[in-house]
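Engineer: Pasting the sequence and the predicted model now:
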Amino acid sequence: MTDQNSAALDQNSTTEMHYRPEEVQRIFSIKSAQYYERLKFLGDKANKDKEGKAYLDKSQFERMKRLDQHIRETGEMDGFIDSEGGELAPVNSASLAEVEGGDLAKPIPAVEEPTNAVRGASIENDLGKQIYREAAELRASELVMRPAIVREVANRMTKDDLPDDLKAQVERTEEAIRPNFHPSAIADKLLTQLRQNRQAA
């Protein structure tokens, strides 16, 4: 931006909308690095007010807003076409440098608009990723929830709720251990084994 343009902005600062970097970052929920990355992608440069503080004017903010919408829809900046106000895709920095250097003989390369096939592939890839993620989260919740439900059902079951084969298995086990299930005898046996092991050591 030339000094004359900067001066014109300063004169109209009372009427022109100024968007500070922090405000733009807050509006689009992005960090400082993402803000400058998007600004560079658009080929824009922040303006400076009388106090030397950076800001975006309304036109720059609207371009940033349209880019943000594109990123939310596709997950990336690539493929962004700013068709508002007759503007096409952003011009790369190398082309801008040629113009600022006064070499107008070299034409600025035109940016080709993606074909419908390219747009479709981008949307399908992004949609596929979203579907896969949602499916994975659903399956994970099921895997976590199912054991908890099984445990709760088991906690509420009695022997009478068991299928016949499992019920018979429990009864056989109870019958086998019932005559020998004497807490005092088991305690004496454990202590005897422990003492024998100590003496052997």
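Structural biologist: Looks like it arrived, so ask away.
Engineer: use CA for all of it now, contacts and neighbours both
Structural biologist: Fine.
Engineer: In terms of helix, strand or coil, where does Y55 fall?
Structural biologist: In terms of secondary structure, Y55 is strand; the call rests on DSSP: H, G, I helix; E, B strand; the rest coil.
Engineer: How many residues are close by it?
Structural biologist: When counting by other Cα atoms under 10 Å, one arrives at 21 neighbours for Y55.
Engineer: and the gap between the spatially closest residue to it that is not a sequence neighbour and R133?
Structural biologist: In space, not counting the residues next to it along the chain, Y55 is nearest to R20; the distance is 4.5 Å by Cα to Cα, 6 or more residues apart in numbering. Distance of R20 to R133, computed by Cα to Cα, to the nearest Å: 35 Å.
Engineer: returning to that earlier point: ok, the residue nearest to Y55 - how many residues close by?
Structural biologist: Burial measure for R20: 17 neighbouring residues, criterion other Cα under 10 Å.
Engineer: Output the below-cut-off pLDDT ranges for this protein.
Structural biologist: Low-confidence regions of the chain, defined here as pLDDT under 70, cover residues 1-16, 83-124, 176-181, 201.
Engineer: Mind naming the longest helix for it?
Structural biologist: What stands out as the longest helix in the chain, according to DSSP state H, is helix 116-156.
Engineer: what element comes up after that helix heading to the C-terminus?
Structural biologist: Toward the C-terminal end, the helix or strand that comes next after helix 116-156 (DSSP states H and E) is helix 164-177.
Engineer: Convert the C-alpha atoms of that following helix to CSV, please.
Structural biologist: Once side chains and other backbone atoms are set aside, the C-alpha atoms of helix 164-177 remain, and they are given as CSV (Å, rounded to 0.1, in the frame of the first residue of the first chain):
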residue,chain,number,x,y,z
ASP,A,164,-30.0,-74.1,32.5
ASP,A,165,-26.5,-75.2,31.5
LEU,A,166,-24.8,-72.4,33.5
LYS,A,167,-27.2,-72.9,36.4
ALA,A,168,-26.2,-76.6,36.5
GLN,A,169,-22.6,-75.7,36.4
VAL,A,170,-22.9,-73.4,39.4
GLU,A,171,-24.8,-76.1,41.4
ARG,A,172,-22.2,-78.7,40.7
THR,A,173,-19.5,-76.4,41.9
GLU,A,174,-21.4,-75.5,45.0
GLU,A,175,-22.0,-79.2,45.7
ALA,A,176,-18.3,-80.0,45.3
ILE,A,177,-17.0,-77.4,47.7
